[in-house]
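Trainee: make a model of this:
(2 chains, ligands or ions: 2)
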Amino acid sequence: MSTSRAGEDLAALRELIGRHKRRDVMFGIVGLACMMVGVVTLIVLFIDLLIDGAPRFSWDFFTSFPSRRAGEAGILSAWVGTLLVMAVTMVAAVPLGVAAGIYLEEYAPKNWVTDLIEINVTNLAGVPSIVYGLLALGLFVYALGFGQSVLSAGLTLALLILPVIIVATRESIRAIPGSIREAAHAVGATKWQVTYDHILPYSVGGIMTGVIIGLARAIGETAPIITIGALTFIAFLPAAPVQAEFPFVSGEWLFAPFTVLPIQMFNWVSRPDTAFHANAAATGIVIIVATLAMNALAIRIRYRIRQRIKW
Amino acid sequence: MSSVPFSIGPAAQAAPVRPPAAQEAEAVGRPAPRPAAPPVPVKAEVRELEFHYGDFQGLKGLSMPVHERRVTALIGPSGCGKSTFLRCFNRMHDLYPGNRYRGEIRLLPDGTNLLASAVDPIEVRMRISMVFQKPNPFPKSIYENVAYGLRVRGEGNRRAIDDKVEQALRSAALWDEVKDRLQDLAFNLSGGQQQRLCIARALATDPEIMLFDEPTSALDPIATASIEELIADLKDKLTILIVTHNMQQAARVSDYTAYMYLGELVEFDTTERIFMQPKRKETEDYITGRFG
Ligand SMILES: Nc1ncnc2c1ncn2[C@@H]1O[C@H](COP(=O)(O)OP(=O)(O)OP(=O)(O)O)[C@@H](O)[C@H]1O
Ligand SMILES: [Mg+2]
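Mentor: Numbers count the residues shown, from 1 in each chain, chains lettered A, B, ... in the order given. Ligands and ions are numbered 1, 2, ... in the order given. Prediction:
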């Protein structure tokens, strides 16, 4: 046995490596092409929207109600509606989702019932949103009598994003190393003390990321909102939640009829008069920018927390 | 006896921590663990302790005393159950499903059986604190790390907490290094400092027994020496159980040594006798490095 490779042997080895490397390059090209299909489509779509919608952007567009004349129509009632619905969604979904996630991860006994619930929660995220709409129509609109209101819409979207928040909560809890948990237990903390003093604060970044991503999904949802009967033409705003006279706060807005951005957009798209299509494009831009901004915020929060707490 | 006596290596002689003479000096100053001298009081009595991880039996009928204000070392090859044994003392196993204890660990003088299901593990952990193998400070400030045990106990008085935190940090030989940056994040400390912070955290609540599970295995020799020095100081105040892989460390810091193998206690005696004239052949083989 010689200790150094014969020249022929070495050439064969290089040839082999060369062949393997070519496969590397080939996959690189195929992968790049696949990725470009997605990215380019998105960019082209967005540019197309911009070209169509940009001329409509003006202060008036945001401060006007919809109108029969395309040039005068605006999205005031739609963005206010979206904001109010999102507020309800957040208030309902965050405590429920976080509590459920903590319970499943920290408290639930490890048995088949818990396993079953877990599988269900994960699958809930994949249920088509219109199914949630149907459920909400029966439950919130009729059975509970909330009507076709901001409240019903907010609760519907809350149901929709609940699985997202639960999963995000559980994942960020699971990222906390067992040694930290043991350290807290070792000084004599109870389960609740460990949860409240450690688990919650250390996972808040991941939870917030989940909440924002959930809301970003909810903001563009159309089907379930149509199902529960959002109006497409709203020429007034709900009563303000803060009032000038006693008792200063009012819940009336919760029960007001409403519209939201994607529905306003849907309405304009479906009109035969093409002048309205520019309005639709402009609304689409608003939704996309809102979604992107929320996702960017989520990424930023995650990055900031990672810098501070690295396990 | 034909045994090769354990020779304390050059590393041990060089260590400023605890020269071999210290044990003798102590034997003069205080009741020594020798048959002739008055017996050292017992802090905890382990009787017929068995432990199961589900179907796997990790401990098989251990019985031994833990002497008060002494350091007891647990040694033995990897996987023999040292950590398993140590973690029985603060009921750490209760955190995971499927773990079962049998037998008892009686804490004296009150005679509480730490393993009794009627005894709340929280109560046990409030009396017996633990320092882990890898430093595991909370991602909070240095101050909050030490104060946490007090907060858990409902201590609300700012001044009382301040005092305790300072006292604990002093006992852990960390005060001078951190007194000007108590609000800094604990993660910014070095590994050795983090481990001393964890010791301070465990000390702040005045435990009766302190458990150390290979506290220096993640540290460099200098940090190790300072932790060993600390353990020697701490035993004036409390009872210490320490798991170590390092035979010389066991010889340096401990008064009693228990040698374990495959979940059983092979031999328990004073450190001096375990290292100089072990009764069992297995112990001798392990000590002299012929095994493990
Ligand atoms: N959670 C667990 N479930 C099942 N078996 C376990 C578990 N933890 C430890 N064991 C087993 O119990 C035995 C004792 O483990 P233990 O961690 O107490 O050993 P050790 O003496 O501390 O070893 P080391 O010196 O490597 O830390 C080993 O055989 C191990 O595989
Ligand atoms: Mg161990």
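Trainee: excluding its own residues, what touches stretch A:294-304? List them.
Mentor: A:205, A:206, A:208, A:209, A:212, A:213, A:215, A:216, A:219 (Cβ atoms under 8 Å, 6 or more residues apart in numbering or on different chains). Where you see a C-beta, it was placed from the backbone N, CA and C, and this is true even at glycine.
Trainee: at 10 Å instead, please
Mentor: Identification of contacts with stretch A:294-304 by Cβ atoms under 10 Å, 6 or more residues apart in numbering or on different chains yields A:168, A:172, A:204-217, A:219.
Trainee: and what of stretch A:88-95?
Mentor: By Cβ under 10 Å, 6+ apart, stretch A:88-95 touches A:149-166, A:169, A:207-208, A:210-212, A:214-215, A:218-219, A:221, A:253-254.
Trainee: same thing but at 7 Å, please
Mentor: A:150-151, A:154-155, A:157-158, A:161-162, A:165, A:211, A:214-215, A:218 (Cβ atoms under 7 Å, 6 or more residues apart in numbering or on different chains).
Trainee: quick check, pLDDT for the residue of the stretch 151-300 of chain A found nearest ligand 1.
Mentor: Relative to ligand 1, the nearest point of the stretch 151-300 of chain A is residue A:178 (10.7 Å; Cβ to the nearest ligand atom). pLDDT for residue A:178: 90.
Trainee: burial of it, as a residue count?
Mentor: For residue A:178, the neighbour count with other Cβ atoms under 10 Å in any protein chain shown is 11.
Trainee: got a list of what residue 219 touches?
Mentor: Defaulting to chain A. A:82, A:86, A:287, A:290, A:291.
Trainee: wrong one, I was asking about chain B
Mentor: Per Cβ under 7 Å, 6+ apart, neighbours of residue B:219: B:191, B:192, B:195, B:227.
Trainee: from residue B:80, how far out is it?
Mentor: The gap separating residue B:219 from residue B:80 is 23 Å, by Cβ to Cβ, to the nearest Å.
Trainee: buried members of the contacts of residue B:219 into PyMOL, please.
Mentor: Here is the PyMOL selection string for the buried members of the contacts of residue B:219, based on 16 or more other Cβ atoms under 10 Å in any protein chain shown:
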select buried, chain B and resi 192+195+227
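Trainee: remind me what the helix or strand of chain A with the lowest mean pLDDT packs against, helices and strands.
Mentor: Ranking every helix and strand in chain A by mean pLDDT, DSSP states H and E puts helix A:59-63 at the bottom, with a mean of 83. Using 3 or more Cβ pairs under 7 Å, 6 or more residues apart in numbering or on different chains; DSSP states H and E, the elements in contact with helix A:59-63 are helix A:76-102.
Trainee: quick check: residue B:197 touching residue B:144?
Mentor: No - using Cβ atoms under 7 Å, residue B:197 is not in contact with residue B:144; the gap is 10.8 Å.
Trainee: coming back round to it: flag every buried residue along the least confident helix or strand of chain A.
Mentor: Going by neighbour count (16+ other Cβ under 10 Å), the buried part of helix A:59-63 is residue A:61.
Trainee: just stretch B:235-246 next, same as before
Mentor: Using 16+ other Cβ under 10 Å as the test for burial, stretch B:235-246 gives B:235, B:238, B:239, B:240, B:241, B:242, B:243, B:244, B:246.
Trainee: swap in stretch A:170-185?
Mentor: So, applying 16+ other Cβ under 10 Å, buried residues of stretch A:170-185: A:170, A:171, A:172, A:173, A:176, A:180, A:181, A:182, A:183, A:184, A:185.
Trainee: next, the distance between the ends of it.
Mentor: 20 Å (Cα to Cα, to the nearest Å).
Trainee: that stretch vs chain B: in contact?
Mentor: Yes - applying Cβ under 7 Å from any Cβ of the partner chain, one finds stretch A:170-185 in contact with chain B at A:179, A:180, A:182, A:183, A:185.
Trainee: most neighbours among the contacts of residue A:219, which one?
Mentor: Highest count within the contacts of residue A:219 by other Cβ under 10 Å belongs to residue A:82, 26 neighbours.
Trainee: which residues does it contact?
Mentor: Here residue A:82 is in contact with A:219, A:260, A:261 (Cβ under 7 Å, 6+ apart).
Trainee: what does chain B put close to chain A?
Mentor: So far as Cβ under 7 Å from any Cβ goes, chain B lies against chain A at B:90, B:92, B:95, B:97, B:122, B:125-126, B:129-130, B:132, B:134, B:136, B:138-139, B:148-149, B:152, B:201, B:205.
Trainee: all strands of chain B, in order?
Mentor: Under the criterion DSSP state E, chain B contains strands at B:42-53, B:56-67, B:71-75, B:99-107, B:112-113, B:128-131, B:209-213, B:239-243, B:256-261, B:264-270.
Trainee: which parts of the last one are buried?
Mentor: Read it as strand B:264-270. By 16+ other Cβ under 10 Å, the buried positions in strand B:264-270 come out as B:265, B:266, B:267, B:268, B:269, B:270.
Trainee: output the contacting helices and strands for the helix or strand residue A:38 falls within.
Mentor: Here residue A:38, judged by DSSP states H and E, is contained in helix A:7-53. Helix A:7-53 sits against helix A:275-308, with contacts defined as 3+ Cβ pairs under 7 Å, 6+ apart.
Trainee: hang on, the earlier thing: let's have the contacts of residue B:219 in JSON lines, adding pLDDT and distance to ligand 1.
Mentor: Formatted as JSON lines, the contacts of residue B:219 follow (pLDDT from 0 to 100; distance: Cβ to the nearest ligand atom, whole Å):
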{"residue": "B:191", "pLDDT": "85", "distance to ligand 1": "18"}
{"residue": "B:192", "pLDDT": "86", "distance to ligand 1": "20"}
{"residue": "B:195", "pLDDT": "89", "distance to ligand 1": "17"}
{"residue": "B:227", "pLDDT": "86", "distance to ligand 1": "17"}
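Trainee: farthest pair in the contacts of residue B:219?
Mentor: Greatest spacing in those, by Cβ to Cβ: B:191 and B:227 (10.8 Å).
Trainee: quick one: the closest residue to residue B:284 other than its chain neighbours from ligand 1, how far?
Mentor: Of all residues not flanking residue B:284 in the chain, residue B:278 sits nearest, at 4.6 Å (Cβ to Cβ, 6 or more residues apart in numbering or on different chains). Remark: distance between residue B:278 and ligand 1 (Cβ to the nearest ligand atom, to the nearest Å) = 19 Å.
Trainee: fine by me, thanks again.
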